[in-house]
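Visitor: The following comprises the amino acid sequence and a computationally predicted model.
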Amino acid sequence: MTKAKRKWSHEVTEHSDAMDLKESVFKSDDPKKIAASIKHSAVASRRRKSSPFRSAMSMLSFYINRAGDQLTKKKKNTLEQAKDELRKDFGRKTER
């Protein structure tokens, strides 16, 4: 794909300064594994600009928002559950 046809979100995902994610982390069907992997990446990152929790939640929300209609209901539900797992992992209250 030519550079002109790539979306900015692809560029951010591939070359983000926020943190390095494990490849295919969002393909898992287990919200706990997704949350644990993202948390690990956020805590280990030396390049993030905010707290590990905010960086992790931002990356997960970014992925959900960019995928948009391409996500199945099941996958979106899994990713929303991963948000709750992230909150638990960081000792925050869940919203649901």
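Guide: Now that the structure is in, tell me what you want to look at.
Visitor: residues contacting the residue nearest the centre of the chain?
Guide: Nearest to the mean C-alpha position of the chain, by C-alpha atoms, centre = their mean, lies residue 60 at 2.5 Å. Each residue near residue 60 by C-beta atoms under 8 Å, 6 or more residues apart in numbering is listed here: 34, 38, 79, 82, 83, 86. The way it works is simple: take the backbone N, C-alpha and C, and place the C-beta from them, glycine included.
Visitor: Identify the residue spatially nearest to the third one, adjacent ones excluded.
Guide: The one in question is residue 79. Distances taken as C-beta to C-beta, 6 or more residues apart in numbering place residue 64 nearest to residue 79, at 5.2 Å, with adjacent residues excluded.
Visitor: tell me the secondary structure for residue 63?
Guide: helix (DSSP: H, G, I helix; E, B strand; the rest coil).
Visitor: now swap in residue 81 and tell me
Guide: Following three-state DSSP, we place residue 81 in the helix state.
Visitor: Report pLDDT for it.
Guide: Per-residue confidence at residue 81 stands at 96 (pLDDT).
Visitor: I figured it hits residue 30, correct?
Guide: No: using C-beta atoms under 8 Å, residue 81 is not in contact with residue 30; the gap is 9.3 Å.
Visitor: how long is stretch 44-58 end to end?
Guide: For stretch 44-58, the first-to-last residue distance is 16 Å (C-alpha to C-alpha, to the nearest Å).
Visitor: Counting neighbours, which bits of it end up buried?
Guide: Residues of stretch 44-58 classed as buried: 45, 48, 52, 53, 55, 56, 57, 58 (neighbour count, 16 or more other C-beta atoms under 10 Å).
Visitor: Could you do stretch 62-72 as well?
Guide: 63, 64, 71.
Visitor: next one: stretch 27-47
Guide: For stretch 27-47, the neighbour count (16+ other C-beta under 10 Å) marks 28, 31, 34-43, 45 as buried.
Visitor: Then stretch 71-83?
Guide: Buried residues in stretch 71-83, counted by 16+ other C-beta under 10 Å: 71, 78, 79, 81, 82, 83.
Visitor: These into TSV, with extra columns for distance to residue 91?
Guide: Formatted as TSV, the buried residues of stretch 71-83 follow (distance: C-beta to C-beta, whole Å):
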residue	distance to residue 91
71	28
78	22
79	21
81	18
82	16
83	15
